[in-house]
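Q: Compute the structure for the input listed below.
(chains A and B)
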Amino acid sequence: MRTEKSPVIRYVALRAVPFIQLYALYVLGHGEDGPGGGFQGGVIFASSFVLMALVYGYGTGRKGAPEKITDILAPAGCVLYAGIGLICLLMGGAFLEYGRLAGEGASEAAKHSAHHFGLIGIEAGVMITVTASMITLFFEMARDAHVDHGQDDDDGEDDDA
Amino acid sequence: MHDVHLLALIAVLIGVLVVLPRAIRGPTLLDRILAVNVIGTKTIVLLALIGFLRVEHTIAEGAAADDYSRAGFFLDIALAYALINFIATIAVLRYIEIRAGRAKAREGGGA
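A: You can find the predicted model right below:
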């Protein structure tokens, strides 16, 4: 994958990436009362890396999300999800019964807020797994094209548009 | 305000109809991409207008407000749509660019 030469696209893409990631976190946080949740947030988050790889080349995109880190994050999200469920079990509730996180004999309000925190927690787990998986999928598919044609990533001007 | 939003909605839909032949007939690939991009941009406006109409409908009917009757609900979708539209257009254009480069390299002595 060659780098994009158009300065307009280079400039816009670089500046759009943080906003895309912020929006992904917004989608994650509003999964309860709006469109979105863990999966959608994860896909939007991963799309920022896809955009980076499309415009600045395979190597630069992969530098932001190295294989080592995505390989750890994909199962880590699952562990976070299952871990919160198991903590609920240990607190004496059912699997993923978030209200129990507030502790024994907690007030209704405390249970309510514990419910929200538990829900956000498992959604974050889903998001981490989906982000890592989407990034892995994209870069594994892009790698063949990248290797076959031996195209250069960097012409040494990727730091700014 | 209801009528204004409804009129705007119809105007945007007519705008979509105007570019639709360009998307179907081409004649080149770039014409089609441009037309699809225009329709995508109009869809964002369409989604925002549907959100506002929904809010006005809920107020006018006095119906119980739910998540769908928030304008923000549709604006969130519109934002995500704008994002996907932008990235998809860049991705398709990059694909065409690289494919054209390969075809040229093949013609020029199989390099």
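
Q: element containing the residue most central in space within chain A?
A: Chain A has residue A:131 as the residue nearest its centroid, 3.4 Å off, counting by Cα atoms, centre = their mean. Under the criterion of DSSP states H and E, residue A:131 resides in helix A:108-149.

Q: now for that helix, which elements pack on it?
A: helix A:7-29, helix A:38-56, helix A:58-64, helix A:67-90 (3 or more Cβ pairs under 8 Å, 6 or more residues apart in numbering or on different chains; DSSP states H and E). For every residue, glycine as well, the C-beta is placed using N, CA and C.

Q: Buried residues in the last one, which are they?
A: Spelled out, that is helix A:67-90. Of the residues in helix A:67-90, those buried under the neighbour-count criterion (16 or more other Cβ atoms under 10 Å in any protein chain shown) are A:70, A:73, A:74, A:76, A:77, A:80, A:81, A:84, A:85, A:87, A:88.

Q: Read off the pLDDT value for the closest residue to the fourth one other than its chain neighbours.
A: Computed as Cβ to Cβ, 6 or more residues apart in numbering or on different chains, the closest residue to residue A:76 that is not its neighbour in sequence is residue A:128, at 6.1 Å. Residue A:128 is assigned a predicted lDDT (pLDDT) of 94.

Q: Does residue B:55 touch residue B:70 like I think?
A: Yes: using Cβ atoms under 8 Å, residue B:55 and residue B:70 qualify as a contacting pair, with a distance of 7.2 Å.

Q: Neighbour count for the two, which is higher?
A: A side-by-side neighbour count of residue B:55 and residue B:70, using other Cβ atoms under 10 Å in any protein chain shown, places residue B:55 first with 20 against 17.

Q: Angles on the backbone of the more buried one, please.
A: Reported as degrees, to the nearest 10, the phi and psi values for residue B:55 are phi -60, psi -50.

Q: residue ranges with poor pLDDT in chain B?
A: Along chain B, the parts satisfying pLDDT under 70 run over B:1, B:63-69, B:71, B:109-111.

Q: Let me see the ranges of the helices in it.
A: In chain B, the helices defined using DSSP state H lie at B:2-25, B:29-61, B:71-107.

Q: For the last one, buried residues please.
A: Of the residues in helix B:71-107, those with enough neighbours to count as buried (16+ other Cβ under 10 Å) are B:73-83, B:85-87, B:89-90, B:93-94.

Q: quick one: contacts of stretch A:17-28?
A: Judged by Cβ atoms under 8 Å, 6 or more residues apart in numbering or on different chains, the contacts made with stretch A:17-28 from elsewhere in the structure are A:34-38, A:40-42, A:44-45, A:47-48, A:51-52, A:120, A:123-124, A:127, B:76, B:79-80, B:83.

Q: what about 6 Å?
A: The list of residues contacting stretch A:17-28 from outside it, by Cβ atoms under 6 Å, 6 or more residues apart in numbering or on different chains, reads A:36, A:40, A:41, A:44, A:45, A:48, A:123, A:127.

Q: Next: stretch B:9-28.
A: With contacts defined as Cβ under 6 Å, 6+ apart, stretch B:9-28 is touched by B:31, B:32, B:35, B:36, B:38, B:39, B:42, B:45, B:46, B:49.

Q: picking up where we left off before, make a markdown table from the buried residues of helix A:67-90 and add pLDDT to it.
A: Conversion of the buried residues of helix A:67-90 to a markdown table gives the following (pLDDT from 0 to 100):
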| residue | pLDDT |
| --- | --- |
| A:70 | 91 |
| A:73 | 92 |
| A:74 | 92 |
| A:76 | 94 |
| A:77 | 93 |
| A:80 | 93 |
| A:81 | 92 |
| A:84 | 90 |
| A:85 | 89 |
| A:87 | 88 |
| A:88 | 87 |
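
Q: With that, I have no additional questions.
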